[in-house]
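**Student:** sequence-free structure coming up:
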């Protein structure tokens, strides 16, 4: 029996069935993002339900509500960590900001990936916002999450 290796050092999974989106567009974005942020290290991005994200938020952060994106840094053996995105929150944000759900999932994935790389917009002096703005322009996103939330 031979093992099947993923062609990319990252993994993407859509674990919800309520919000429809083009997974192919998200995968293309993740491949580009990985070239800029992963340096060959592995990571995963999971799109889940509000309930799944709420449960993870409660378990790992002690917050009993959903959120748009959670990051779980690892750092061991070349594994950056995991990013979990709420599909319903992404859909709400997409409608609010007038862009596609795929664009919003990609925006949230970039934000989460920056956290996996050690950035922390709640504690730094703008470094994460600057990195997010630089990379979102390179990757073709209309705006960064930090800048958008500040406006």
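**Tutor:** Yep, that arrived. Remember, predicted model here, so these are calculated numbers, not experimental data.

**Student:** Least confident secondary structure element in the chain?
**Tutor:** None of the helices or strands of the chain scores lower by mean pLDDT, DSSP states H and E than helix 145-150, at a mean of 80.

**Student:** quick one, phi/psi of the residue positioned nearest the centre of the chain?
**Tutor:** For the chain, the residue lying nearest the average C-alpha position, counting by Cα atoms, centre = their mean, turns out to be residue 109 (1.8 Å). Backbone dihedrals for residue 109, given as degrees, to the nearest 10, come out at phi -60, psi -40.

**Student:** That one is in contact with residue 83, isn't it?
**Tutor:** Yes: assessed by Cβ atoms under 8 Å, residue 109 is found in contact with residue 83 at 5.9 Å. Just so you know, the C-beta spots here come from the backbone N, C-alpha and C atoms, and that holds for glycine as well.

**Student:** can you list residues touching both of the two?
**Tutor:** Listed as contacting both residue 109 and residue 83 by Cβ atoms under 8 Å, 6 or more residues apart in numbering are 45, 69.

**Student:** part of a helix, is residue 124?
**Tutor:** No: with DSSP: H, G, I helix; E, B strand; the rest coil as the criterion, residue 124 is coil rather than part of a helix.

**Student:** OK, contacts around the residue nearest to residue 148 when sequence neighbours are not counted?
**Tutor:** Once flanking residues are discounted, residue 148 sits nearest to residue 97: 7.1 Å by Cβ to Cβ, 6 or more residues apart in numbering. Under the criterion of Cβ under 8 Å, 6+ apart, the neighbours of residue 97 are 104, 142, 143, 148.

**Student:** Just among those, which is most surrounded?
**Tutor:** The member of those surrounded by the most neighbours (other Cβ atoms under 10 Å) is residue 104, with 26 neighbours in all.
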